[in-house]
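Participant: whatever this is, show me its structure:
(one chain, ligands or ions: 3)
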Amino acid sequence: MHRVNRIGVLTSGGDAPGMNAAVRAIVRKGIYHGLQVVGIRRGFLGLLKKEFVRFSLGSVADIIHRGGTFLHTARCEEFKTEQGQREALKNLQDEGIDGLVVIGGEGSMHGALALAEYGMTVVGIPATIDNDLTGTELSIGFDTAVNNVVDAINKIRDTATSHERVFIIEVMGRKTGHIALFAGLSGGAESILIPEEPLNMDEVIFKLQRGMNRGKLHSIIVVAEGATGGMAVGEEIRRRTGLETRITILGHLQRGGMPTAMDRVLASRMGAKAVDLLREGVSKQMVGIMAQQLVAVDLEEVLDQKRELDRSIWELAAILAI
Ligand SMILES: Nc1ncnc2c1ncn2[C@@H]1O[C@H](COP(=O)(O)OP(=O)(O)O)[C@@H](O)[C@H]1O
Ligand SMILES: O=P(O)(O)OC[C@H]1O[C@](O)(COP(=O)(O)O)[C@@H](O)[C@@H]1O
Ligand SMILES: [Mg+2]
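Facilitator: Ligands and ions are numbered 1, 2, ... in the order given. Presented below is the predicted three-dimensional model:
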């Protein structure tokens, strides 16, 4: 068994609530097993700049409930180059790090794989509000982001019904509609526009007109940023129906705030699992959760596939909004 002694951990890409709980789990589980744990600040950027911090048990006190990432995060173009990756590897080796945990989304998993291909022992942990990674049913941060959006929808609903207005709520998700789908269903949206389905404004208008025929003048429409712009949807509805529309782009509100208990549990379990995998000498794997069981999945396979969206949930949302 390849024995690791000193493991490094970094958070990368868009921050996701629960990243702190994952780092805490890695530090505590690592130290529990007699390992040294080193934090790398600012993701791959910090790795290139040698921003190392030696962790103790106390370093991760009082962070389990905090959103964001206390290690800071970054997006780093230089790391995408071969030269950048070689330099990153050298910095890890100079620091005596023989196992690395990369916490982040799809882009970060590409970075993790690159370092593993240069010979570093690397395990990934999926953390992105977008939930767009394959190999796991859930990524850290998704549950909190969905709850943030639902919280916003509940509030917007109060004013939408009072004024009898159509509200268009644009949510994040990059090229995917997972946040829109889950928040739209839980928030009782009339229509959910996602990039995985063709944009059908006639259908959206038809539903609004059906509502108008029974005297319903307020509506919530959730639009994934990857589907189309919320502004364009609002304008078209106003033009074609005469209904009063308002557009809310939730933006980074979705990504902040206390992680839900579900995200904290997921992050704690995944962090501990990553340490176990490193102790077993496993590399090029990502921790995932499937049917509530932790699994280790091949990073190459994860990055080879495009995540499918559960179409039946989208269809259900449409039926329930009848
Ligand atoms: N193909 C790639 N090869 C190596 N590193 C990558 C690759 N794609 C992204 N990265 C690194 O991961 C960082 C985070 O990726 P990004 O897509 O912004 O966020 P996320 O990991 O949350 O999806 C990038 O800034 C870059 O440093
Ligand atoms: O924080 P930025 O740079 O504005 O990026 C916004 C993007 O980051 C996200 O919030 C999260 O994406 P990643 O997890 O892939 O970084 C996307 O939903 C959104 O499109
Ligand atoms: Mg991503």
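Participant: could you find the closest non-adjacent residue to residue 205?
Facilitator: Spatially, and ignoring its direct neighbours in sequence, residue 205 is nearest to residue 240 (5.4 Å; Cβ to Cβ, 6 or more residues apart in numbering). For glycine as for every other residue, the C-beta is placed from the backbone atoms N, C-alpha and C.
Participant: same deal with residue 152?
Facilitator: Residue 152 sits nearest to residue 250 (Cβ to Cβ, 6+ apart), 5.6 Å away.
Participant: repeat for residue 288
Facilitator: Using Cβ to Cβ, 6+ apart and skipping residues adjacent in sequence, the residue nearest residue 288 is residue 136, 3.3 Å away.
Participant: report the contact partners of that neighbour.
Facilitator: 126, 286, 287, 288, 289, 290, 295, 297 (Cβ atoms under 8 Å, 6 or more residues apart in numbering).
Participant: what do you get for residue 73?
Facilitator: So residue 73 contacts 11, 12, 13, 14, 15, 19, 42, 43, 104 (Cβ under 8 Å, 6+ apart).
Participant: can you give me the distance of the closest residue to ligand 1 within the stretch 151-300 of the chain to residue 126?
Facilitator: Closest residue of the stretch 151-300 of the chain to ligand 1, Cβ to the nearest ligand atom: residue 174 (7.8 Å). Distance, residue 174 to residue 126, using Cβ to Cβ, to the nearest Å: 14 Å.
Participant: with residue 254 instead?
Facilitator: Residue 254 is 18 Å from residue 126, by Cβ to Cβ.
Participant: the more surrounded of the two?
Facilitator: Between residue 254 and residue 126, counting by other Cβ atoms under 10 Å, residue 126 is the more crowded of the two (32 against 23).
Participant: settle this for me: the more buried one is touching residue 137, isn't it.
Facilitator: No. Residue 126 lies out of contact with residue 137 (Cβ atoms under 8 Å); the separation is 10.0 Å.
Participant: joint contacts of these two?
Facilitator: In contact with both residue 126 and residue 137: residue 288, using Cβ under 8 Å, 6+ apart.
Participant: got the residues of this structure near ligand 1?
Facilitator: 12-14, 44, 75-76, 79-80, 104-108, 110-111, 114, 128 (Cβ under 6 Å from any ligand atom).
Participant: let's see which of these end up in helices.
Facilitator: Judged by DSSP state H, the subset of the residues of the chain next to ligand 1 located in helices is 44, 106, 107, 108, 110, 111, 114.
Participant: residues in contact with stretch 291-308?
Facilitator: With Cβ under 8 Å, 6+ apart, stretch 291-308 has contacts from 106, 109-110, 112-113, 116, 122-124, 131-137, 176, 269-270, 273, 277, 282, 284-289.
Participant: residue 54 contacts residue 30, correct?
Facilitator: No. Using Cβ under 8 Å, residue 54 is not in contact with residue 30; the gap is 11.9 Å.
Participant: who's more crowded, these two?
Facilitator: The residue with more neighbours, out of residue 54 and residue 30, is residue 30; 26 against 11, by other Cβ under 10 Å.
Participant: which stretches of the stretch 51-200 of the chain form strands?
Facilitator: Under the criterion DSSP state E, counting those that start in this stretch, the stretch 51-200 of the chain carries strands at the ranges 52-54, 99-104, 122-126, 166-171, 191-193.
Participant: contact residues of the chain facing ligand 3?
Facilitator: Listed as neighbours of ligand 3 in the chain under the rule Cβ under 5 Å from the ion: 105, 106, 128.
Participant: the stretch 151-300 of the chain: helices as residue ranges?
Facilitator: 178-186, 201-213, 230-241, 261-279, 299-304 (DSSP state H, counting those that start in this stretch).
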